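Undergrad: My questions concern the predicted model and sequence given below.
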Amino acid sequence: MNPYLFGYLGAAILALSALSLTRKNPVHAVLYMIVMFFHLAVLYLGLGAEFLAAVQIIVYAGAILVLFLFVIMVLNIKEEMEGERFSGGWPFGIAIASGLFLLVVLITGNIVPGQQGPYTPGVIAAQTNTKLVGTLLYTQYIFPFEIASLILLVAVVGAIVLAKKKLR
């Protein structure tokens with residue numbers, strides 16, 4: 001991948017993420033997020049992960065952001081926009097985020113550079129990304145996949161229960 005394109009995509013993703021988090025209008029925040037998701041998909045394409053790029057566009061930019069926009073349209077935006085943007089707990093949030101960032105840096109710092117796993121670029125080139133992901137997901141990682149599907153099912157049922165109005 002061209003290093004200038006990679007630098008542009010990285011800077012754009014960071015800037016669009018920051019804009020998405022700092023906008024007072026939730027619709028504008030979602031629009032910045034959708035542009036960021038498309039930049040992320042281009043980054044995946046440049047890194048040779050076509051399957052992740054397709055999932056990024058179909059699932060995240062398509063389904064999830066449409067859901068976000070639907071929820072935002074149901075809410076009373078004028079009431080939210082009149083209130084204060086940040087609550088008093090933002091210093092605590094920044095401290096927690098900084099701690100998590102430091103933890104990730106410490107964990108990833110222990111990775112030995114130059115050491116390769118069993119899935120080298122040659123192995124991935126021999127098969128397609130989609131076939132390799134599907135084979136691993138439905139053979140070696142079937143149990144975590146099923147646990148994730150159960151967690152998502154519980155989340156959907158919980159959302160339905162919370163959204164359902166009481167019948168009296």
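TA: Received it, and whenever you're ready, just let me know what you need.
Undergrad: And the strands in the chain?
TA: Ranges of strands in the chain, per DSSP state E: none exist.
Undergrad: Let me know how buried the nearest residue to Ala53 once chain neighbours are set aside is, in neighbour terms.
TA: Once flanking residues are discounted, Ala53 sits nearest to Tyr44: 3.9 Å by C-beta to C-beta, 6 or more residues apart in numbering. (Glycine included, C-beta is placed from N, CA and C.) Residues near Tyr44, counting by other C-beta atoms under 10 Å, number 20.
Undergrad: could you measure Tyr44 against Phe51, distance?
TA: 8 Å (C-beta to C-beta, to the nearest Å).
Undergrad: what does Ala11 give?
TA: Counting by C-beta to C-beta, the gap from Ala11 to Phe51 is 25 Å.
Undergrad: and what of Ala29?
TA: For Ala29 relative to Phe51 (C-beta to C-beta), the value is 28 Å.
Undergrad: if I pick Tyr32, what's in contact with it?
TA: Contacts for Tyr32 were tallied using C-beta atoms under 8 Å, 6 or more residues apart in numbering; they are Leu16, Leu19, Ser20, Arg23.
Undergrad: one more time with 6 Å
TA: By C-beta atoms under 6 Å, 6 or more residues apart in numbering, the residues touching Tyr32 are Leu16, Leu19, Ser20.
Undergrad: how close does Leu65 get to Leu162?
TA: Distance of Leu65 to Leu162, computed by C-beta to C-beta: 21 Å.
Undergrad: Could you check which of the two is surrounded by more residues?
TA: Each of Leu65 and Leu162 has its neighbours counted (other C-beta under 10 Å); Leu65 has more, 16 against 7.
Undergrad: Am I right that that one is in contact with Ile34?
TA: Yes - shown here, Leu65 and Ile34 form a contact pair, counting by C-beta atoms under 6 Å, at 5.1 Å.
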